[in-house]
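A.B. asks: Would you be able to build a 3D model of this:
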Amino acid sequence: MTEHVKRQSFKEAFIDAIPVIVGYVFVGIAFGLMLYENGFSFWWAILSSLIVYAGSLQFVLISFMATGASLLTVALTTLSVNSRHLFYGITFLDLFKRMGKLKPYMIFTLSDETYSLMAIALKKGGKDNSYYFFVSIINQSFWIIGSFLGGVMGEVIPFNTEGIDFAMTALFTVIFIEQWLSSKSKAPGIMGLVLGLGFLLIMKSSGFIMPALVAASILLLLFEKKEEKV
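C.D. replies: Next comes the predicted model:
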């Protein structure tokens, strides 16, 4: 791979990632602020974003760290909250295999926003492997920067963090809207909304994610087969 291809891939990845970068910096700041409010210095914000890097789960982990929750509780909550990543990974099985030594890092950094950018690139015909790597490392880098800024700001400036955790929900909403606008068919989005709301009403917020994802995956597979026949 030539240096020119790498530079071009980095440029494309950075431009495509700008909306995520902006969101990550501000949501990362919110995370750092909440972490400080619960008695942890900015170093914990950096460390968490380096070795956990799980977005919404990191907000949940703040309360676990503050209350000293058991490892079993942390493990089961992590599985529940991040179960959607099992389905994300299926999309990129072949791509990650081709990336050799980078495969573990690509799996680790497959956040919701990174998945969104990479899925859009695949739908448009695909990119050079280096593009996907740059998207992943750029997104994580700015999440770390945001977390660091939030932690430092918390130590320097007094903040009222009430309601600040809604920043993650707002970012998910923006991602959904972006995917909705870029997709020719609105059926998958409608399926996801209906199933998500349906299982939320039936099972409440504690356990609706996994069954909703399983049901959505089955319906989407059936939908895809029908599209291929047409």
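A.B. asks: residues of stretch 83-95 that come out buried?
C.D. replies: Ser83, His85, Tyr88, Phe92, Leu95 (16 or more other C-beta atoms under 10 Å). Where C-beta positions appear, they are placed from N, C-alpha and C, glycine not excepted.
A.B. asks: Show the contacting residues for the residue nearest to Gly32 when sequence neighbours are not counted.
C.D. replies: In space, and not counting its chain neighbours, Gly32 is closest to Gly150: 2.1 Å by C-beta to C-beta, 6 or more residues apart in numbering. Counting by C-beta atoms under 8 Å, 6 or more residues apart in numbering, Gly150 touches Gly28, Ile29, Ala30, Phe31, Gly32, Leu33, Met34, Leu35, Tyr36, Phe42, Ala45.
A.B. asks: Please identify which helix or strand holds Gly150.
C.D. replies: helix 129-156 (DSSP states H and E).
A.B. asks: In JSON lines, list the buried residues of stretch 83-95 along with secondary structure, distance to His4 and pLDDT.
C.D. replies: Shown next, in JSON lines, are these (DSSP: H, G, I helix; E, B strand; the rest coil; distance: C-beta to C-beta, whole Å; pLDDT from 0 to 100):
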{"residue": "Ser83", "secondary structure": "coil", "distance to His4": "41", "pLDDT": "72"}
{"residue": "His85", "secondary structure": "helix", "distance to His4": "34", "pLDDT": "77"}
{"residue": "Tyr88", "secondary structure": "helix", "distance to His4": "31", "pLDDT": "79"}
{"residue": "Phe92", "secondary structure": "coil", "distance to His4": "25", "pLDDT": "88"}
{"residue": "Leu95", "secondary structure": "helix", "distance to His4": "22", "pLDDT": "89"}
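A.B. asks: Which member of these is positioned nearest Leu201?
C.D. replies: Of all the buried residues of stretch 83-95, the one with the least separation from Leu201 (C-beta to C-beta) is Ser83, at 19.0 Å.
A.B. asks: do you know how far that closest one is from Phe148?
C.D. replies: 29 Å (C-beta to C-beta, to the nearest Å).
A.B. asks: so after the lengthiest helix in the chain, what's the next helix or strand?
C.D. replies: Counting residues, the longest helix found in the chain (DSSP state H) is helix 3-37. For helix 3-37, the succeeding helix or strand toward the C-terminus, using DSSP H and E, is helix 42-51.
A.B. asks: So what's the gap between that next one and the chain middle?
C.D. replies: 17 Å (C-alpha atoms, centre = their mean, to the nearest Å).
A.B. asks: tell me the angle of the following helix or strand past that helix relative to helix 129-156?
C.D. replies: Using DSSP H and E, the helix or strand that follows helix 42-51 in sequence is helix 56-67. Relative orientation of helix 56-67 versus helix 129-156 (axes from the mean of the first three to the mean of the last three C-alpha atoms, to 10 degrees): 40 degrees.
A.B. asks: helices and strands around helix 56-67, which ones?
C.D. replies: helix 3-37, helix 42-51, helix 71-81, helix 166-182 (3 or more C-beta pairs under 8 Å, 6 or more residues apart in numbering; DSSP states H and E).
A.B. asks: The same query, at a cut-off of 7 Å, please.
C.D. replies: Counting contacts by 3 or more C-beta pairs under 7 Å, 6 or more residues apart in numbering; DSSP states H and E, helix 56-67 is packed against helix 3-37, helix 71-81.
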